[in-house]
Structures are given as structure tokens and as C-alpha cells.
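1. how would this look folded up:
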Amino acid sequence: MAMGMRARESVNMSEDLTQAIAPYATALHDASLQSHCSSCFHRIPAQSPHDMSCTMCGSVRYCCSDCLISDCEVHSSSGECCFFVKHLREASPSTLTEETSDIRAALRLLYSLETRGLVSSDSVSSSNRIGGLSASGIREVLEEGGEIAEGVLEGSLLMLSARKSRMKNYVGLSNGLTIEKVALWAVMTNSVEVQISEEQSLGIAVYGPSFSWFNHSCCPSASYRFVLVPQNEGCTSNKPESCVVPVSKGAAPDAWHAWQNEEAGFAHAQCKYGPRVVVRCTKPINKGDEVFITYIDLLQTREARLSDLWSKYKFICSCERCTALPKPYVDLILNCDARNLKSPHNAVTDPAIEDLDNNLQQAISEYSFLDDSKACCDVIESMLSENLMNDLQQEELSPRKYILHPLHHISVSSFMILASAYRCSAFKSSTDNLHGENCDFIFRMTKAAAAYSIVLAGATHHLFLSECSFVTLLSHFLLSTGQSILDFAECIKGETRKNMPEAIFSFASCSTNSAKHDSVRYNQFRSTCEKFGKHLLSLSLQCWPFLAQGLPCLEKIKNPIDFSWLGPAIFQAFQLSEEDSFNLSGKHAPATLIEQQKECILSLAVCCITYSKYLASICYGPEHYLANRAKDLLECINHVQ
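-> The predicted structure follows:
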């Protein structure tokens, strides 16, 4: 009884496939309840002249009278208000520390569906759907037990308690299920995190069939963005109608009833100001082809992806990436022993890698909990230094031991954590030492953050050249890399400042006009990406030796953008010039900061940010927060004299 969404017509990449879709239900995360409006999700000014809160529970706030009026009925009648009162007064201190957005969104979802007559015991029991939303897998979850099952059981009891005073009719289901359990599970499997800035997500939203019927793939053809209304109405899609249509694989009539209900605009009317979602294609799509988004992190191995999808959504992925034989290049290289790079088709995962991965995750969890970013870096770097590839010919003489390479999934995960942890350590030190007593430490931390950011972006870029689905991840990593390099440029200051306008000018040719249009030809896109890639390669070769100096893990990496030096099995991304080949040989690159390298460091930052802006416009649209942030950074650099 699966549903899917297919293209109504052929589309190029970088086109909006849907209009701005209104949610069925939303809920701010607990941490955002006092800072953001529970109706429209906009930030409430710190000195707001009108503090509008629910007079009963005092737990939700609104930015204006329109938002209060539009949301008060749902807040009260769904049982959310009662939940806050009971939860805050009667819950134990340990319970109060747990996130409640899933429970509150489920209360709102049930109210929304019941109001429109989309909930009945027969439909939920027979089709594993509620209001057109998939709720399959709940029986397996409850039978398996564990943390997720415990959360469903406890949450459903809290929901039932909050709903009792407002319930007109109790809906009973078979096999021990309740409508609260099904609704909560539907939220857990259908909700998405609402991300409108680089900060953490504000909350969650559950959308009807127009969005929830997009299926998952590990090589997706579309992404999605969020739009807040009414202030940001200019960010919504201008398309007169959706470019996708639903396709049923034996769906029950109730599912189609939910679709027709949403098409009639009931969701828009009930959730007047809630965050909208717009789906946008990231690949060319032919008429009739199914359109896919992704539900998980694509940088995981096939085994990790399957495990992740089963634990969260209770289905086994059968996308083309997961079922391809032989495995696609990206999956081979993400899970391949460095010894087998010359023949990745014969690669066998060493059992020791599981222990290494577990130790890495334990180190991350332990030091994240202790809020000690520098200690976290030391532990992870120690683990990497012992396992990251060195001279393979010498290693072959030693007993069998797993050897990582820079494109291995553990390496990539480590680079991600290290880039963030070093940047956090530098920021903390700079705020704690306002008078500059610790400049040397900040310099080293900032340099390390920039170096790990570059190799993370480079590894992702290498995978992207083989699998275009990594484009969304790449846009995020490139922006983070550009910011980290700018932080380092600020540390070295001096003569770099006068070269900032020249750095901007040198990338004018890469800032193509194609991203301004609503549609981009795939060959144009690849050509532009190749230009950016060559710029990244040339610049990184000139300043990488200095950036990697003092970081044993990174000193083993000859170049963070092109990885052909690893062996013939590595996909040759670029045709190296004679000058770049000479630099890559290591015979020329100085390990001390010279004037030319200062210019290259700044130019590399500008290139990363400009590239990120281009990719963000492709994936999400020119008004997305990533594109806007990149634009702000570039304008800020350009104004520095």
C-alpha cells in the first residue's frame, strides 16, 4: 500500500516541483518555545512590545494577535494546553528534561485529522495509515521493545491524559493499539525538522500527502526547503501547479480521501501561518519518473543506511544505490580498506573496523557530553593517526590491521567532528580571553579547523563527482569551510586584507548567471562545478602544506581536493596542469606561511563560499538561508579595505 510521487512532465534540475505546502501539524522544540512564535515559527523580538502567551499554560508564545487567534483553537482543543499544565505540574524531574515536540505535534495532528473526518478505526487498522500518512511498522516496534517502543507507550499515555477532557468519541483499535500510539508513531516517521537558518532546527512539522508521499532513495533526485509566512512570502514557489502527481500501489480509499482533502486547501486554512515546505529537483527528471528525497545521512555505508532506515522507519531500502551489483564507486570507497584501493571490487571489510567505529562514536559521545572540544580532538586524532594510511608497502610487512584512507566513512566522520570541535575550541578561547593573552592557541585551533574543513569538503566533492546526490551535503560543507578559512584569515590579517577585492574579482567567472534562473541544464551545471573544482585544486596545492603542518593525520594527505595520489582505483577528478603536478609531488610546497600563501588562503575561502552559494541556489533556490549567508559573507569581504 505504498504511495509515490511521479513527475507530471519532464523537468531540468533546479526547478521547484511543488507549491509551498502547508503543514498538518507543527510543534516547536522545547528550547524554542520562549524565543519563537508557536504559530508562524518567526523569532519573537527580545523587547517585544506585546508579550502574547497562552493565559492557561503560559508555555507557548505568539508574535502578534493574528498568530494567537489562528493557533489558540488548535492549542486548546488538541489537548496541548492541558498537556503542558499536567506535564509541568505532575511529571517527575527526569521526565521534564525529555523533548516533548513529538507528543505535542501528535496531539495537534490528531485534532487536525479528526476535524476533517480523516480518522476512523477501520481505516487505521486495515491500511496502516492515518489521514493518508504512513504508520506502518508500529506493531513491529512495539513487539521488539526497546527505547523507541517505550517512548511510544509513555508518550501515548500522556496524550490520552491530555485529550480526555476534550474527547467526544474514543476511537479504539485492534491488537492493543490506540489512536494515540498510531498518531505518535506517524509523527515520529513522517515529521521533518524545520531548518530555516544555520542554527539548530526550530521544531518539527508533519505534512500531508503532497509531501509525505515522496519516497526515500539513497540517490535522491530532489531536496526541500522551508518557507516562513507571511514575512517571507517572496520565497515561495511561483509555480501555478505542482509538477508531480501521486501514484498508488494499492493504497486504500482513505488515502485518496486525504489527498483530495489536502487539495481542497483544508490544511492551508487550518495551519494558516505554519512553516511551508517546497520540494525542488536536484537532477533532471523525465516525465513519469518517480521523484525521491532522502530521509537519512547519505555519507553512511550501505549497511549503516539499511540499519538506520529500518530502526527509524521499519523498511528495507531497495533504491538503485542499495541494490546495485557491483556496488557503486561511492559505497566501495566509503567502506574500503586502504590496502584494497588498487582493486576495490575485491575489498573485504576487516572486523577490526567495527571496534574502531564503536570507539570513535564512544569518544565523540563522551567528550561531547563533557563539553571538552579540545580533549575530543586529541582522542579522535590519536585514533586516526594509528589507523590512517601511511606507507602501504611497509604496512604490508606487519600483521593484518585495518588501514583507513581519507575517503573512508570513518575518516569523513572524524573530519566532520574535528572541524567543528576545533572551531568551537577557538571560539570559546577567543571569548574567554578578550585581551588576546591566548593568541597562539587560537591561531592553532583556527588553523586546524580550516584544515579539517578543507579535507572534509574535498572528500565530499570527490564523492559528488561520482554521485550527484551529494550536492546538498557539499553545499553545506563548502560554506562551513569558507567560514573556517575566513576565521583563519582574520588571525593572520596583515597583507591579506588588501588582497580581498582581488580575491572576489578572480572568481567572477565562476559566478554564472545560471543560478539566477529557475532551471539549469545538467551539462551547464557539471561544467560550472568542474571550473570551481579546478580553482579549489590549484589553490589548495599552494597553501595545504602550511595548513596541514603540525596535524599528523593531515600531513599524510598529499592533497585534500584531488585524491588520485591514493592509487589507480581512485576516480581521477581533474586533469592536473604541470604546475599542479609539481606542487602535488611535494618537492616545492613550503611549510611556512609566505605572502603568496596568504593570498591563496583568502582566495580559497572566497572560492568555497562562492561555490556553496551556487550549489545552494541549485538545490534550494536563491533565497535559501545557505545562499543568503554566502552572499552576506562575500559582501562583507568585498567591503573590507
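
2. in the stretch 101-250 of the chain, which spans are helices?
-> Here the stretch 101-250 of the chain has its helices, by DSSP state H, counting those that start in this stretch, at 101-115, 121-127, 138-144, 147-163, 179-190, 209-212.

3. of those, which shows the lowest average pLDDT?
-> Ranked by mean pLDDT, the helices of the stretch 101-250 of the chain end with helix 121-127 in last place, scoring a mean of 63.

4. quick check: which of the helices of the stretch 101-250 of the chain is nearest to Gly550?
-> Closest to Gly550 of the helices of the stretch 101-250 of the chain is helix 147-163 (Cβ to Cβ; 41.7 Å). All C-beta spots, glycine's among them, are computed from the backbone N, C-alpha and C.

5. quick check: angle from that closest one to helix 179-190?
-> With axes from the mean of the first three to the mean of the last three Cα atoms, to 10 degrees defining the directions, helix 147-163 sits at 130 degrees from helix 179-190.

6. hey, C-alpha coordinates of helix 147-163 in PDB?
-> Taking C-alpha atoms only, helix 147-163 is exported to PDB below (Å, rounded to 0.1, in the frame of the first residue of the first chain):
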ATOM      1  CA  GLU A 147      13.800   2.600  23.800                       C
ATOM      2  CA  ILE A 148      11.600   3.600  20.800                       C
ATOM      3  CA  ALA A 149       8.700   1.300  21.900                       C
ATOM      4  CA  GLU A 150       9.000   2.700  25.500                       C
ATOM      5  CA  GLY A 151       8.800   6.300  24.100                       C
ATOM      6  CA  VAL A 152       5.600   5.400  22.100                       C
ATOM      7  CA  LEU A 153       3.900   3.800  25.100                       C
ATOM      8  CA  GLU A 154       4.800   6.600  27.600                       C
ATOM      9  CA  GLY A 155       4.000   9.300  25.100                       C
ATOM     10  CA  SER A 156       0.600   7.900  24.100                       C
ATOM     11  CA  LEU A 157      -0.400   7.700  27.700                       C
ATOM     12  CA  LEU A 158       0.500  11.400  28.200                       C
ATOM     13  CA  MET A 159      -1.500  12.200  25.000                       C
ATOM     14  CA  LEU A 160      -4.500  10.200  26.300                       C
ATOM     15  CA  SER A 161      -4.500  12.000  29.600                       C
ATOM     16  CA  ALA A 162      -4.300  15.400  27.800                       C
ATOM     17  CA  ARG A 163      -7.100  14.600  25.400                       C
END
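
7. tell me the buried residues in that helix?
-> For helix 147-163, the neighbour count (16 or more other Cβ atoms under 10 Å) marks 148-149, 151-152, 155-156, 158-163 as buried.

8. okay if I get those as JSON lines plus distance to Met3?
-> Formatted as JSON lines, the buried residues of helix 147-163 follow (distance: Cβ to Cβ, whole Å):
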{"residue": "Ile148", "distance to Met3": "24"}
{"residue": "Ala149", "distance to Met3": "26"}
{"residue": "Gly151", "distance to Met3": "26"}
{"residue": "Val152", "distance to Met3": "23"}
{"residue": "Gly155", "distance to Met3": "26"}
{"residue": "Ser156", "distance to Met3": "25"}
{"residue": "Leu158", "distance to Met3": "30"}
{"residue": "Met159", "distance to Met3": "26"}
{"residue": "Leu160", "distance to Met3": "29"}
{"residue": "Ser161", "distance to Met3": "33"}
{"residue": "Ala162", "distance to Met3": "30"}
{"residue": "Arg163", "distance to Met3": "28"}
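
9. please, where are all the strands along the chain?
-> 2-7, 23-28, 52-53, 61-62, 129-130, 133-134, 192-194, 203-207, 215-216, 222-227, 244-249, 276-281, 292-293 (DSSP state E).
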